[in-house]
Every structure is written in structure tokens, then in C-alpha cells.
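> Quick one, what's the 3D model for this:
(one chain, ligands or ions: 1)
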Amino acid sequence: MIKEIKKHLKKVNDFHTENLSELESFRIEYSGKKGILNDFFVSFRDIPNENKKEYGKELNILKELVSNKIQSIKNSISLTSEMGKNGDLFRPGFEFDTGSRHPLSIVKNRIISIFSQIGFKLSEGPEIEDDWHNFTALNLPEHHPARDMQDTFFIQTNPDKLLRTHTSSVQVRYMENNKPPIRILSPGRVFRNEAISSRSHCIFHQVEGLYINREVSFADLKQTLQFFTKALFGKSIIRLRPSYFPFTEPSAEVDIYWGLETETDRRITKGTGWLEIMGCGMVDPNVLINCNIDPEKYSGYAFGMGIERITMLLYQIGDIRMFFENDLRFLKQFKSSI
Ligand code: PHE
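Numbers count the residues shown, from 1 in each chain. Presented below is the predicted three-dimensional model:
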């Protein structure tokens, strides 16, 4: 009897097929109701007690072997048929394209993270604005000549609706709804009716900042800007050139000392070593009054910069139009985690 089992052990071991119906016949032959295993178990009853242990052990080995064999052949048949359907399952995977952030987003996020270190919170507002928030509240009354500085896209059917020309409009909205101290950063898309060239576009992005509290001074403004330029460009020599904005008094344009070490430095700074990067100033008291903030109690500073301009400087990009073309050969060069 043991010999008989051993014979089947060998037979099962040697069995192979790639065909499901052959496998099924094999299963029935061994594990079916009237199969070989069953016959063995039936005969088991008649085995003398002293031999039962040895016999049982061999029988269990056979039983196990049969079920393992069936399973492993099943697996290999299903794998082969999958391969037939889907090709080689062991081929290396396709390269996974992770994409990258737009350079303007990378620089915007860097600017935001620098100012957030010194307590600036984000505030955003609508791109379609009204006259009050974009101009009038900012000390630019209807016939003020400074409105010419910003050629505006008006919505034809409603002269009170326009595409914001700067994100200062967001600051007005914030001041109207919040009490000082105020420390906010307003990034966003702005629109100006300008001819498109390598240096200007009718759509671009700005980040503007506003700080209002008791006894805010021009020195605070300068310190903040120095902290910022050091963090973003690694350069903290700045100069403030007197300028004019209707909403700030005094106003200034900020230049950083870029240096004259390379040919590119010479070209982008037009041989001076200095580069203009933003506008700034102390918030005009008229603006505070328009937003219900008492200029006798509070003062503040504001600044604003174009993200395209800063990005062009940081990455030495020669044409602003590249930001809007979405050419993958350009965009793929910018990989960043923020
Ligand atoms: N709003 C100005 C512009 O768009 C920038 C600016 C902001 C200047 C705040 C001074 C203070 O050009």
C-alpha cells in the first residue's frame, strides 16, 4: 500500500500541463469524489492500527502534493494567458512623468514663503474689479492724470467694471473689512492694455504687500525689503529712488545692486550694476481715510512687484512671452518642490 502511494507521489510530481481541461481531468482523477485520494482514504480504515501512522503520513503528503500541484499549474496558466492579453508582465514599467510647476508659481511661492516668515498673511480678491477699489479709494479720482499710467481694460457694457490693473485693489478690500494691525500679501493676476513685446504683456502677475500699525516708519519698510531681497536674490544692497504713486507718499522705486561681474550682469543692468525690482511707499493718509482707518493713529507701508520681472531676473529669461506659451521644452526646465 505504501508502495502504491509512493508511486502516485512520483506521478503527481512529474505531472505537467498547460491546458486547463487536462488539469481538470487530473483534479478529478485524484481529488474527485471517486478519485484516487478517496480510494486511499477508504482503504485507510482497513489498515492495521500499528501501520496507520506511517500510512496516514504518506497519504497526507500525497494529498498536499496534489493540491499544491493543481494550484501552481493554475497560476502558471493564468499568468501565461494574462501575458497573451497584456504582453510581457515582466517588462520594465513606463517612465512616469511627474510634471513640474510653472516658473511663475515657483517664484510666487518663494516670495510668499519669505514674507510669511515675518508674519504676512495671504489675502486675495476678484480679478474683475470696480472703479472704487482699483482707482478711487487709492487716491486716484476720476479725472486724475495718474490713471493714464495704467491703460485699463474696461467692461464695455458697464464702465464701473474693469479688469484690475494691480492687486492694490485687494488691499483696499482688506482694509475696509479689517482693523489694524494689518499685515497682508496679495498675489494675483493683473491686466493692462499694453502692446505685447518681449518685456511687457497685457496679462501679468503681481505680489503686493501692506503693513499698517501704530508708528510704522519708512525705516521699517526698508528693513523689510532688505530682508526680502537677501532671502530671494542673496543680495541685500538696495537703494530707494524717489518716485510717484498716487496711493503712497513718499513713494520710491527699489533697485538692488546686482553687480557687474559677467557680461549678462552688464547687459541686464544696462552697465549700471543696479536693477529696478519694485515700487513702494508709505500709504497715503487719503487712502487710509477712504478705508475708514484713522491716519492720526495709524500709518503703514505698501510695496508691489511684478512676478514675471523677478522670475526673468532669477532665471535669466529673455522674453516675457515664454511664460504664456506653455511650450513644454521651456516648462520642463523648472523642477521644484514648492
Ligand atoms: N500698485 C503699484 C503698481 O501696480 C505698485 C505699488 C504698490 C507701488 C504699492 C507702491 C506701493 O505699479
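
> which residues in the stretch 201-338 of the chain form helices?
With DSSP state H, counting those that start in this stretch as the criterion, the stretch 201-338 of the chain has helices at 218-233, 263-268, 285-290, 307-315, 322-325, 328-331.

> to the chain's geometric centre, what's the distance from the last one?
Right, helix 328-331. 16 Å (CA atoms, centre = their mean, to the nearest Å).

> Start the count at 55 instead of 1 going forward.
Noted, 55 is the first residue going forward, which turns the last one into helix 382-385.

> is it true that S290 touches T283?
Yes. Contact status for S290 versus T283: in contact at 5.6 Å, counting by CB atoms under 8 Å. No exception for glycine: its C-beta is placed from N, CA and C like everyone else's.

> which one of those two has more residues nearby?
T283 (21 against 14; other CB atoms under 10 Å).

> follow-up on the earlier one: okay if I get the helices of the stretch 255-392 of the chain as CSV plus mean pLDDT?
Shown next, in CSV, are the helices of the stretch 255-392 of the chain (pLDDT from 0 to 100):
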stretch, mean pLDDT
helix 272-287, 95
helix 317-322, 84
helix 339-344, 96
helix 361-369, 92
helix 376-379, 94
helix 382-385, 90
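
> Show me which residues of the helix or strand hosting E104 are buried.
When elements are assigned from DSSP states H and E, E104 belongs to helix 103-140. Within helix 103-140, the residues that count as buried by 16 or more other CB atoms under 10 Å are Y109, E112, L113, L116, K117, L119, V120, K123, I124, I127.

> Next up, phi/psi of the residue most central in space within the chain, please.
With distances taken as CA atoms, centre = their mean, R155 lies nearest the centre of the chain, 5.7 Å away. Main-chain dihedrals, R155, degrees, to the nearest 10: phi -80, psi 150.

> Next one: it relative to the ligand, how far apart?
Taking CB to the nearest ligand atom, to the nearest Å as the measure, R155 falls 24 Å from the ligand.

> Write out the residues of the chain neighbouring the ligand.
Residues of the chain lying near the ligand by CB under 6 Å from any ligand atom: H220, S222, E262, F299, T302, G333, C334, G335, A356, F357, G358.

> leaving aside the residues next to it on the chain, what's closest to the first one?
This points to H220. V244 (5.5 Å; CB to CB, 6 or more residues apart in numbering).

> Could you list every helix and strand in contact with the helix or strand hosting that neighbour?
Using DSSP H and E, V244 sits within strand 236-245. With contacts taken as 3 or more CB pairs under 8 Å, 6 or more residues apart in numbering; DSSP states H and E, strand 236-245 sits against helix 157-170, strand 175-176, helix 222-231, strand 257-267.

> Quick one: distance of that strand to the chain centre.
19 Å.

> What pairs with it, parallel or antiparallel?
strand 175-176 (parallel), strand 257-267 (antiparallel) (DSSP bridges).

> And this structure, split by domain according to the record?
Here the domain parsing of the chain from automatic domain parsing is 56-140, 157-391.

> Where among those domains is average confidence lowest?
For these, mean pLDDT drops lowest on domain 56-140, to a mean of 88.

> List the buried residues in the strand holding V244.
I236, R237, I238, L239, S240, P241, G242, V244, F245.

> How about stretch 72-89?
Applying 16+ other CB under 10 Å to stretch 72-89 flags L77, F80, R81, E83, Y84, G89 as buried.

> follow-up on the earlier one: want to try JSON lines for the buried residues of strand 236-245, with distance to D142 as columns?
Supplementary listing: those in JSON lines, determined by distance: CB to CB, whole Å:
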{"residue": "I236", "distance to D142": "63"}
{"residue": "R237", "distance to D142": "60"}
{"residue": "I238", "distance to D142": "57"}
{"residue": "L239", "distance to D142": "53"}
{"residue": "S240", "distance to D142": "55"}
{"residue": "P241", "distance to D142": "49"}
{"residue": "G242", "distance to D142": "51"}
{"residue": "V244", "distance to D142": "54"}
{"residue": "F245", "distance to D142": "54"}
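
> What is the nearest of the residues you listed to I182?
Relative to I182, the closest of the buried residues of strand 236-245 is F245; by CB to CB it sits at 9.6 Å.

> now the helices and strands packed on strand 236-245 as JSON lines including mean neighbour count?
Below are the helices and strands packed on strand 236-245 laid out as JSON lines (neighbours: other CB atoms under 10 Å):
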{"stretch": "helix 157-170", "mean neighbour count": "18"}
{"stretch": "strand 175-176", "mean neighbour count": "12"}
{"stretch": "helix 222-231", "mean neighbour count": "22"}
{"stretch": "strand 257-267", "mean neighbour count": "22"}
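
> Put together a markdown table for these, with distance to L367 on each row.
What follows is the helices and strands packed on strand 236-245, written out as a markdown table (distance: least, CB to CB, whole Å):
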| stretch | distance to L367 |
| --- | --- |
| helix 157-170 | 10 |
| strand 175-176 | 23 |
| helix 222-231 | 22 |
| strand 257-267 | 14 |
